[in-house]
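I would like to see how this sequence folds:
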Amino acid sequence: MTALRSASGAPAEGRRRSDLPGSVFGDRVTTPRLVLRYTVTGLVVLVLVAVVTVFASRTIGTQEAIGDAIRATSLVAEVAAEPTLTDGVLAGDPTALAALDHAVRTHVVRGSLVRVKIWDASGRIVYSDESRLIGDRFALGDDARSALATGTPVADISDLGDPENRLEERAVQLLEVYERLQTPSGTPVLFEAYFSYAGVTAAGRSLWLQFAPYILGALGLLALLQVPIAVSLARRLHRTQVQREHLFARAIEATDAERRRIAGDLHDGVVQDLAGVAFSLGAVTRRDAGGPGMDEVENAAGRVRHAVRSLRSLLVEIYPPNLYEEGLEAALSDLLARLAARGTETSLEVGVPVPALDVDVIELLYRVGQEGLRNVAEHADAQRVEITVRREGAAVVMRVVDDGRGIDPGPLPDRPGHLGLRALAGLADRLGATLEMESAPGRGTELRLEVPAR
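Residues are numbered from 1 along each chain as shown. All right, here's what the predicted structure looks like:
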């Protein structure tokens with residue numbers, strides 16, 4: 001027989017193992033598991049929403065802080081700087097520059113506002129609180145020209161690599177705001193204020209922190225309010241599943257009872273009648289051997305005997321024999337006999353005495369063997385099939401192995417009229433057993449049932 005497992009017990013190369021579901025209706029749902037699943041999902045969603053909220057709130061807060069910086073620039077430019085901005089400043093008059101410098105240092109440069117520059121339209125710095133920049137000329141950027149032309153304030157992050165910012169600290173990020181002013185003669189100039197960007201973000205963070213407790217608190221409260229609903233739904237779902245499994249078990253019991261009744265009626269009625277006919281025909285052929293028409297009578301007796309054997313095999317299929325009285329090995333032998341009649345080589349080994357097993361375990365072993373052999377007969381096209389039942393450690397292990405065409409062990413559909421492997425896996429789960437299938441196209445199939453020994 002083709003080897004189906006490696007020496008280490010691992011699946012042979014190319015074969016895949018499929019754990020059949022532990023419940024007739026899928027995985028057993030329990031209230032703690034559902035509540036835990038809901039809690040974890042809720043926490044993940046809460047964290048994601050909180051992260052998005054934090055990012056959005058801080059962005060909005062920073063934008064609002066930049067808007068505050070623009071408004072502050074307009075205020076100090078118009079209130080503190082413009083009244084002392086004369087044409088003498090443009091001409092470089094020391095007295096005019098001193099008056100403007102006093103106003104700027106007294107009323108403007110404070111807090112997060114750290115630098116002031118005033119430009120003329122040609123790009124010359126006519127005033128700065130950093131006196132070394134006065135008189136220097138640089139090309140005006142697009143933002144600066146836009147603010148000077150339209151009169152609309154503009155804010156942007158300073159490029160500390162620009163020559164005009166050579167005296168600024170490179171490690172300190174700055175926000176620059178441009179505002180247009182006019183001298184008494186109507187000459188437009190550009191007022192530039194530099195704010196520490198750390199101060200701007202701090203203002204944005206402060207704004208966000210004012211609302212964060214309410215936003216996050218509301219999200220947390222919403223999640224907590226949904227926990228009782230989740231618990232109620234989980235309990236209801238669990239009860240429904242338990243009820244369905246009980247109904248399924250009762251349906252199986254009712255089916256078994258009906259099969260037992262049908263098998264009993266056939267055995268005590270039709271089978272006995274046909275057996276009697278076969279005996280009568282046999283007696284006739286023996287008594288009138290060689291007489292006219294005896295060949296037809298003997299053929300009829302043979303057909304009746306064959307019909308009796310077929311009916312008895314059908315009775316085994318419809319309902320198993322009394323496994324405790326006749327033995328698991330005898331029952332499995334009857335199942336294998338049908339395959340042997342087709343020319344399939346069979347092998348059976350039962351190394352566990354039936355009295356050592358519970359009735360439910362014996363019936364489960366029989367059902368798994370029956371379903372496995374049914375699948376072999378209908379789908380496998382196997383040359384050899386073997387069944388082994390052995391005690392391995394603290395468990396009883398049954399294997400149904402064939403060398404047929406194999407399958408891809410994905411989801412297995414149940415066939416009408418039979419329990420099917422999914423249902424058997426559910427029954428196994430009720431007994432604490434596990435049912436697995438290992439297969440691959442062209443490499444045979446192994447059905448393995450492991451039942452804890454009791």
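
where exactly do the helices run in the stretch 51-200 of the chain?
Secondary structure of the stretch 51-200 of the chain (DSSP state H, counting those that start in this stretch): helices at 87-91, 94-103, 142-150, 197-266.

So which elements touch the first one?
Packing contacts for helix 87-91, counted by 3 or more C-beta pairs under 8 Å, 6 or more residues apart in numbering; DSSP states H and E, involve helix 94-103, strand 125-128. Glycine gets a C-beta too; all of them are placed from N, C-alpha and C.

Tell me which of these lies nearest to residue 280.
strand 125-128 (130.1 Å; C-beta to C-beta).

what about residue 351, neighbour count?
For residue 351, the count of nearby residues is 12 (other C-beta atoms under 10 Å).

thought it was touching residue 387?
No: in this structure, residue 351 is not within contact of residue 387 by C-beta atoms under 8 Å, at 11.3 Å.

low-scoring stretches of the stretch 51-200 of the chain, by residue?
Scanning the stretch 51-200 of the chain with the threshold set as pLDDT under 70 gives 57-58, 61, 171, 200.

any chance you could map the strands in it?
Applying DSSP state E, counting those that start in this stretch to the stretch 51-200 of the chain gives strands spanning 113-119, 125-128, 154-157, 174-182, 188-196.

Which elements pack onto the first one?
Counting by 3+ C-beta pairs under 8 Å, 6+ apart, the packing neighbours recorded for strand 113-119 are helix 31-76, strand 125-128, strand 174-182, strand 188-196.

Just want the angle from the first one to strand 113-119.
Orientation note: helix 31-76 sits at an angle of 40 degrees relative to strand 113-119 (axes from the mean of the first three to the mean of the last three C-alpha atoms, to 10 degrees).

same deal with the last one?
Comparing the axes of strand 188-196 and strand 113-119 via the same axes, to 10 degrees yields an angle of 160 degrees.

For strand 188-196, buried residues please.
189, 190, 191, 192, 193, 194, 195, 196 (16 or more other C-beta atoms under 10 Å).

For it, give me every contacting residue.
Defining contact as C-beta atoms under 8 Å, 6 or more residues apart in numbering, one finds that strand 188-196 is touched by 69, 72-73, 76-77, 81-82, 85, 90, 108, 112-121, 126, 140, 144, 147-148, 158, 168, 172-183.

mind putting the helices of the stretch 51-200 of the chain in TSV, distance to residue 451 included?
As requested, those are arranged in TSV below (distance: least, C-beta to C-beta, whole Å):
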stretch	distance to residue 451
helix 87-91	99
helix 94-103	95
helix 142-150	80
helix 197-266	18
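
what's the least confident stretch among those helices?
Lowest mean pLDDT of those: helix 197-266, a mean of 75.

Tell me the helices and strands packed up against it.
Using 3+ C-beta pairs under 8 Å, 6+ apart: helix 197-266 touches helix 31-76, strand 174-182, helix 294-318, helix 420-430.
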